[in-house]
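Trainee: Build me a structure from this.
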Amino acid sequence: MNRQGDIGKYFAFVLGCVQFVTDCSVRAESDFREKALLLRSAIVVDVESGTLSEPSEILIGDGRIVRISKDRIPVDPSVVVVDLLGHYVIPGLVDAHVHMSVDPAMFAAGLVRHGVTLARDMGGPLDLVFNIRKAIRQERIIGPELTIAGPMLDGSDPIWPFSISCVGELDAREAVRILDSEGIDHLKVYERLGLKELNAIVDEASGRGLPVVGHIPDGISIDEAISAGLASIEHLDRISPILSHQDSARTPVRDSYRNVRRSGNLLQQLRERNVVICPTAHLSEIGENLTELRQKDWSGIVSPQIARLWKLADVTMSSGFVPSKAAQETVHALWRGGIPLVCGTDLGVPFVDPGASLHREMLILQSAGLSPEEVLRASTVNAAKLCGRYPIYGTVTEGAVASLVLLGSNPLKDVRNIGDIRGVVLRGKYLGADRLGRLVSDVNREQAVVLAKPVDSRDPRFGHDQIVHRYETRLDDEMAVFETCTITRRDSGYLVSVRSVPQIHILPNWETTYDLTLEHHVRSIAWRTQSLVPRSVQYRFDKNGFSKIESTDPELGFKHSDSQAGGLIIGPEQWAIGMLVRGAKLKVGDAKKIPFWTIGYPLLDAQPATISLVRSDDRPIRSPEGMSIVQAYKVVLVTAQGTVRGSVFLREDGAIVGLRLETPLGVLVSKLVN
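Mentor: Just a heads-up that it's a prediction; the model follows:
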């Protein structure tokens with residue numbers, strides 16, 4: 001993912017607003033075959049030599065290619081036989097840059113539908129990405145095999161909430177040790193990392209057999225990044241100004257000059273260190289066609305929530321994304337220079353179509369000068385090697401995993417023929433054209449629990465001075481977040497603790513604690529993630545305003561110049577609204593405007609907001625305890641993210657019995673469940 005330009009606003013909107021569950025398919029249909037399989041009359045494409053076999057038979061058992069023969073292979077009646085009638089067989093495609101946690105089940109289905117059977121996940125919450133891979137391997141969802149980076153390694157004040165901050169060599173080495181113990185496949189470095197930290201990461205990782213891949217950090221030159229030992233460099237924004245005729249808006253001055261010597265030196269360095277480049281060149285076309293892409297119907301491609309976000313997001317890609325012409329020139333120069341290339345898409349970025357964008361990336365590489373067989377190698381052999389999965393992936397040979405794409409047209413003539421998919425064999429199981437066509441539509445919305453995070457199951461304790469309530473919050477009838485709120489009465493006021501389990505997978509769980517006076521004025525707020533490497537920040541409020549007390553990250557504070565506005569965190573916001581409403585002591589017909597602060601992703605800073613309240617009436621409402629009379633309020637919440645309007649229903653003890661808010665993402669409904 002690339003943070004530059006106003007694309008940051010999109011992700012701030014996603015991370016800062018209401019969170020939701022991603023759909024997933026859990027049914028292994030009967031035509032997702034588990035029996036032994038024989039492919040008859042198959043023309044095998046040798047992507048390494050660029051040659052075609054004579055019509056052959058391919059016997060598959062236990063998920064592997066058992067035998068390939070030009071002669072007829074005798075089999076018993078229990079074996080499923082698929083006569084390919086002279087169709088072409090290539091290794092399953094590899095998308096070398098994805099972020100599955102954004103929309104797991106829809107991404108998984110879209111990738112397989114387009115022949116992708118292996119993908120390199122380049123950053124996401126560790127437990128979630130492992131759960132996605134586990135669900136795929138257990139066939140609870142249909143998707144490609146994954147190699148996993150987990151949290152990205154960044155500098156102070158990491159850009160993404162699931163990243164690990166590495167400040168100093170000790171931090172950097174400890175982060176590598178933690179992730180290695182968790183079982184990740186590669187380490188991804190990101191844009192705020194320092195040079196000494198990068199060198200420490202590569203040194204620690206090399207002794208553990210872990211490749212280090214990722215972005216060239218902003219404060220590090222290309223030469224330094226290559227010398228440090230990056231196994232692959234993602235995107236073209238730092239390379240293109242040297243190898244093409246156009247500068248990128250984010251190119252540092254030290255990298256902006258171009259001449260034959262500089263270009264030659266860069267190519268020589270890349271060759272000598274065997275650095276692989278993942279161009280993601282198709283992103284340039286996205287940046288140049290945003291109006292059309294916003295108007296596109298994305299239903300049936302991504303989940304409804306993601307489609308809605310893409311249409312609402314204020315995304316521009318003028319910065320950090322090179323122009324299409326420059327991208328092609330750069331790919332051409334890399335190819336001519338003998339630099340190994342792989343095909344990746346940065347799936348998870350707005351408007352990247354799962355699977356289809358990989359086909360587009362392959363076509364761009366062909367247009368840049370690569371032959372069809374070279375493009376095929378970039379999307380199979382080269383990428384499988386980068387993933388550490390070659391030769392069990394990326395080849396059609398005996399003993400390899402039987403993940404194959406069956407084509408009706410010869411891909412060695414034109415990579416456009418990759419789109420002529422007649423079937424996919426996924427780890428030994430046959431998916432015909434009809435089944436592929438239904439993959440996305442069969443994503444089962446009722447079975448989102450496969451990837452949903454568990455609700456806090458600790459038993460609540462009810463005492464004289466303490467009440468505990470649990471809430472379910474839905475966005476357009478999709479589960480968004482589970483919350484457990486504990487209010488403790490003390491002589492000096494109230495302690496309100498909210499544990500939130502957001503059901504969008506990219507976010508970790510968090511806990512927010514409010515310290516309030518007896519008049520419900522906020523004295524302090526503490527916020528902490530429940531993640532592999534927790535992040536926390538605490539603020540104090542008094543008559544002079546507010547100040548930061550402590551933070552796990554020295555960069556956390558009150559900077560408001562960043563384009564990413566503060567987040568709207570639903571759990572703490574709801575209870576803060578409830579306590580403010582209670583403290584307002586309004587009579588029916590009264591109105592009041594109250595200053596307010598939000599806290600949470602993406603900046604973890606307190607952000608100004610305003611709540612306008614109108615006490616409308618008292619009315620009966622059903623709650624878990626039965627019918628009760630509640631106070632009804634009209635609420636207008638104005639934050640840096642925009643204006644939210646709705647209604648809040650409050651009991652005498654300050655508990656929200658129900659809440660309905662109209663947000664830019666849809667209608668948010670929260671209800672008390674116990």
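Trainee: ok, and the closest non-adjacent residue to residue 195?
Mentor: Residue nearest to residue 195 in three dimensions, not counting chain neighbours: residue 220, with 5.2 Å by Cβ to Cβ, 6 or more residues apart in numbering. Quick note: C-beta positions are derived from backbone N, CA and C, even for glycine.
Trainee: Just after the longest strand along the chain, pick out the following helix or strand.
Mentor: Taking DSSP state E as the criterion, the chain has its longest strand at strand 607-623. Scanning forward in sequence from strand 607-623 by DSSP states H and E, the next helix or strand is strand 626-639.
Trainee: OK, contacts around residue 87?
Mentor: 41, 42, 43, 406, 407, 408, 422 (Cβ atoms under 8 Å, 6 or more residues apart in numbering).
Trainee: Test my guess that residue 210 contacts residue 180.
Mentor: Yes: assessed by Cβ atoms under 8 Å, residue 210 is found in contact with residue 180 at 6.2 Å.
Trainee: hey, where'd the helices end up in the stretch 201-350 of the chain?
Mentor: Under the criterion DSSP state H, counting those that start in this stretch, the stretch 201-350 of the chain carries helices at the ranges 222-228, 240-243, 260-272, 283-288, 290-295, 304-312, 324-336.
Trainee: for the stretch 551-674 of the chain, same thing?
Mentor: Under DSSP H, counting those that start in this stretch, the stretch 551-674 of the chain gives helices at 570-584.
Trainee: which residues of it score low on pLDDT?
Mentor: Along the stretch 551-674 of the chain, the model assigns pLDDT under 70 to residues 551-584, 596-608, 622-626, 640-641, 652-654, 674.
Trainee: Got the phi and psi for the closest residue to residue 432 other than its chain neighbours?
Mentor: Nearest residue to residue 432 in three dimensions, chain neighbours excluded: residue 423, at 5.0 Å (Cβ to Cβ, 6+ apart). Backbone dihedrals for residue 423, given as degrees, to the nearest 10, come out at phi 170, psi 160.
Trainee: What's the local residue count around residue 423?
Mentor: Residues lying near residue 423 (other Cβ atoms under 10 Å) number 22.
Trainee: Same check on residue 609?
Mentor: Around residue 609 there are 20 residues (other Cβ under 10 Å).
Trainee: wait, isn't it in contact with residue 637?
Mentor: Yes: between residue 609 and residue 637 there is a contact under Cβ under 8 Å: 6.6 Å.
Trainee: any chance you could map the strands in the stretch 101-250 of the chain?
Mentor: Along the stretch 101-250 of the chain, counting by DSSP state E, counting those that start in this stretch, strands occupy 116-121, 145-148, 153-154, 164-165, 187-189, 212-214, 232-234.
Trainee: To residue 52, which of those strands lies closest?
Mentor: strand 116-121 (20.9 Å; Cβ to Cβ).
Trainee: for the closest one, what is the average pLDDT?
Mentor: The predicted model assigns strand 116-121 a mean pLDDT of 98.
Trainee: and if you look at stretch 146-155?
Mentor: 95.
Trainee: Alpha carbons of that stretch, in CSV - could you do that?
Mentor: Below are the C-alpha coordinates for stretch 146-155, written out as CSV (Å, rounded to 0.1, in the frame of the first residue of the first chain):
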residue,chain,number,x,y,z
LEU,A,146,-0.7,-17.3,1.1
THR,A,147,2.7,-16.3,2.3
ILE,A,148,2.6,-13.8,5.1
ALA,A,149,4.4,-10.7,6.3
GLY,A,150,2.1,-9.8,9.1
PRO,A,151,2.7,-6.3,10.7
MET,A,152,4.9,-4.0,8.7
LEU,A,153,8.1,-2.7,10.3
ASP,A,154,8.0,1.1,10.4
GLY,A,155,9.7,3.9,12.3
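Trainee: next one: it to chain centre, how far?
Mentor: Relative to the chain's own centre, stretch 146-155 is displaced by 11 Å; criterion: Cα atoms, centre = their mean, to the nearest Å.
Trainee: I'd like the helices of the stretch 201-350 of the chain written out as CSV, with mean neighbour count, mean pLDDT and distance to residue 150 added.
Mentor: Listed next are the helices of the stretch 201-350 of the chain as CSV, based on neighbours: other Cβ atoms under 10 Å; pLDDT from 0 to 100; distance: least, Cβ to Cβ, whole Å:
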stretch, mean neighbour count, mean pLDDT, distance to residue 150
helix 222-228, 18, 95, 20
helix 240-243, 24, 90, 29
helix 260-272, 14, 82, 26
helix 283-288, 21, 90, 23
helix 290-295, 12, 88, 30
helix 304-312, 19, 78, 22
helix 324-336, 21, 95, 28
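Trainee: Would you mind giving those as TSV with distance to residue 399 added?
Mentor: Shown next, in TSV, are the helices of the stretch 201-350 of the chain (distance: least, Cβ to Cβ, whole Å):
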stretch	distance to residue 399
helix 222-228	35
helix 240-243	39
helix 260-272	31
helix 283-288	36
helix 290-295	42
helix 304-312	39
helix 324-336	31
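Trainee: you'd agree residue 388 is up against residue 211?
Mentor: Yes: counting by Cβ under 8 Å, residue 388 does reach residue 211; the two are 7.3 Å apart.
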